[in-house]
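model this:
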Amino acid sequence: MDFEYVTRLMLENFKKMGVDCALIGGFALHSAGITRATKDIDFLVKKSDASKIKEFMLKNSYQLIHESEDVSNYWSDLKPLGNVDFLHAHRKYSLAMLERAVEKEILNGRFKVKVVLPEDIIGLKIQAFVNDPKRLMQDMADIRAIIEINHRNLDMDLLREYFILFEKEKEFNFILENLDNAQ
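Okay, the predicted model is just below:
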């Protein structure tokens, strides 16, 4: 996947279409101080923009591989295009994430794009491993690293709210206890 090409393609066209978006996933991790390889680009968009995005993606050599009220996943057999996933914001938490997202430079300053806050990356990671337990180890490692790197600037009340929402407060307390011991 040519991340620079796809990022430019998405951002330029989203702007023309009036689509409000924020990075989530692997690229968003980088803005929280974590660098990890990623195979796709993930965006948070308003659910009301999903049909515009679908039309654009299909016209630009992508195939729809999954679509629901909450997500849409696109893939292209053209190697530079790769996979692009969209989380459709339509509930209280995801709409707030999109609203709170801040503009950051990505790809060595070549692009500016909204990126969800580290707290919201964590909220999405909790949801991801609750929905797919095979993701637990990697997502918890990412969550712990985000908290360790950013703990002085994080909204701990919001983090606790996310962990409670998914009945994972015990895990949050464990991370905090070990954070206190590590310092």
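
walk me through which strands whichever strand or helix holds His66 pairs with, and which way each runs.
Using DSSP states H and E, His66 sits in strand 63-67. Partners of strand 63-67 in the sheet, by DSSP bridges, are strand 71-75 (antiparallel).

ok, the residue nearest in space to the middle of the chain - contacts?
Centroid check for the chain by Cα atoms, centre = their mean gives Ile24 as the closest residue, at 1.6 Å. Going by Cβ atoms under 8 Å, 6 or more residues apart in numbering, Ile24 touches Asp42, Phe43, Leu44, Leu87, Val116, Asp120, Ile121, Leu124. For every residue, glycine as well, the C-beta is placed using N, CA and C.

Arg144 too?
Ile175, Asn178.

so which strand or helix has it?
Counting by DSSP H and E, Arg144 is part of helix 136-150.

for that helix, the distance to its chain's centre please.
Taking Cα atoms, centre = their mean, to the nearest Å, the mean C-alpha location of helix 136-150 is offset from the chain mean by 14 Å.

mind listing the residues bridging to the residue nearest to the centre of the chain?
Applying DSSP bridges, one finds that Ile24 bridges with Asp42.

ok, back up a step: any buried residues in the helix holding Arg144, and which?
Asp139, Met140, Asp142, Ile143, Arg144, Ile146, Ile147, Asn150 (16 or more other Cβ atoms under 10 Å).

can you pull out the strands in this structure?
21-24, 40-46, 63-67, 71-75, 83-89, 102-106, 111-115 (DSSP state E).
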